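J.: sharing a sequence plus its predicted fold:
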Amino acid sequence: MLKVLIVDDEAPARSRLRRMLTELPAVHVAGEAASAREALRLVPLKEPDVLLLDISMPGMDGMTLAQVLRDQSSPPAVVFCTAWSDQAVEAFECDAVDYLVKPVRAERLAAALDKARRYVARDQTPGIGPMLRSTVGGKVRLLPLADVIYLAAEDKYTAAVHKNGKFVINQTLRELEQEHGDVLLRVHRGALVAKKCIRALESVSKNRYVLQLAGCETGIQVSRRNLSAVRKLIRELT
């Protein structure tokens, strides 16, 4: 059963969404909130799987709420329901699962909840561990952190390189380092590597070192600033 919390400052909009949700199978309306502040109070109490979230609301708006929730350990999936059609890019940068324009059609709502259901299922699957999420181009994709070989800064995005290619995510290297420092190591201003993939440190010229990583043909440059930390970890691993 998918638990849904409706967040909209307009009572008619909440009532319409509730009616539509009652007609969908395996969906339970966990509650309603007339403001983002009220939603923040209800989320830990109701533990919804999904938020149907309006963007334009008095006080804290929906975008800000989504950003606040994203920093929590197990945030609900977010589906924006808004009268504005020009905020989709910003919405997906908040890791939204989908973006619905009012008046919301029943078939689009059902499709959005199917997306949310897949997101929730994958995020809660035992044994997979932390997931990295991409919302570039309006599509939500997930990559297990355990599959990552290294991460590199590319323009305003971060590229997560894994054995099957490259996965572009929205988080910065700094955010990833703070969140997953137990499994990732900073080796350069623009790169983090998976500790478990480290195989060797090589000197390629005077004061220039590269790391050899399992599953990666190209060596990753190590800066002088991070060299001592890399050497210390290698000693601990051997």
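T.: Looks like it came in fine. Numbering: from 1, shown residues only.

J.: isn't K163 right up against D147?
T.: Yes: with contact defined as Cβ atoms under 8 Å, K163 and D147 form a contacting pair (6.8 Å). (Each C-beta comes from the backbone N, C-alpha and C, glycine too.)

J.: with neighbour numbers in mind, choose between those two.
T.: A count of neighbours by other Cβ atoms under 10 Å puts D147 above the other of K163 and D147, at 18 against 11.

J.: shaky segments in this protein?
T.: Counting by pLDDT under 70, the ranges of the chain that qualify are 73, 88-89, 91, 121-129, 135-140, 238.

J.: mind listing what's buried along the helix ranked longest in the chain?
T.: In terms of residue count, the longest helix belonging to the chain (DSSP state H) is helix 106-123. Buried residues in helix 106-123, defined by neighbour count with 16 or more other Cβ atoms under 10 Å: L109, A112, L113, K115, A116, R117, Y119, V120, D123.

J.: how about those in TSV, adding distance to R174?
T.: Output for these, formatted as TSV (distance: Cβ to Cβ, whole Å):
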residue	distance to R174
L109	36
A112	31
L113	34
K115	29
A116	29
R117	32
Y119	25
V120	28
D123	23
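
J.: ok, so of the residues you listed, who is nearest K3?
T.: Within these, proximity to K3 (Cβ to Cβ) peaks at V120, which comes in at 9.4 Å.

J.: helix, strand, or coil at L227?
T.: Following DSSP: H, G, I helix; E, B strand; the rest coil, the label given to L227 is helix.

J.: got the domain boundaries for this structure?
T.: Structural domains assigned to the chain are 2-123, 137-237, following automatic domain parsing.

J.: still on that earlier bit, what is the longest helix of the chain packed up against?
T.: strand 2-7, helix 11-22, strand 50-53, strand 77-82, strand 98-101, strand 141-144 (3 or more Cβ pairs under 8 Å, 6 or more residues apart in numbering; DSSP states H and E).

J.: how about the CA coordinates for it, as PDB?
T.: Only the C-alpha atoms of helix 106-123 are listed here, as PDB (Å, rounded to 0.1, in the frame of the first residue of the first chain):
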ATOM      1  CA  ALA A 106      -6.300  10.800 -13.500                       C
ATOM      2  CA  GLU A 107      -4.100   8.900 -16.000                       C
ATOM      3  CA  ARG A 108      -1.100  11.200 -15.300                       C
ATOM      4  CA  LEU A 109      -1.600  10.900 -11.600                       C
ATOM      5  CA  ALA A 110      -1.700   7.100 -11.800                       C
ATOM      6  CA  ALA A 111       1.500   7.100 -13.900                       C
ATOM      7  CA  ALA A 112       3.300   9.400 -11.500                       C
ATOM      8  CA  LEU A 113       2.400   7.200  -8.500                       C
ATOM      9  CA  ASP A 114       3.600   4.100 -10.400                       C
ATOM     10  CA  LYS A 115       7.000   5.900 -10.800                       C
ATOM     11  CA  ALA A 116       6.900   6.800  -7.100                       C
ATOM     12  CA  ARG A 117       6.100   3.200  -6.200                       C
ATOM     13  CA  ARG A 118       9.200   1.900  -8.200                       C
ATOM     14  CA  TYR A 119      11.300   4.600  -6.500                       C
ATOM     15  CA  VAL A 120      10.200   3.600  -3.000                       C
ATOM     16  CA  ALA A 121      10.600  -0.100  -3.700                       C
ATOM     17  CA  ARG A 122      14.100   0.300  -5.000                       C
ATOM     18  CA  ASP A 123      15.100   2.700  -2.200                       C
END
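
J.: relative to strand 2-7, how tilted is that helix?
T.: Going by axes from the mean of the first three to the mean of the last three Cα atoms, to 10 degrees, helix 106-123 is angled at 120 degrees with respect to strand 2-7.
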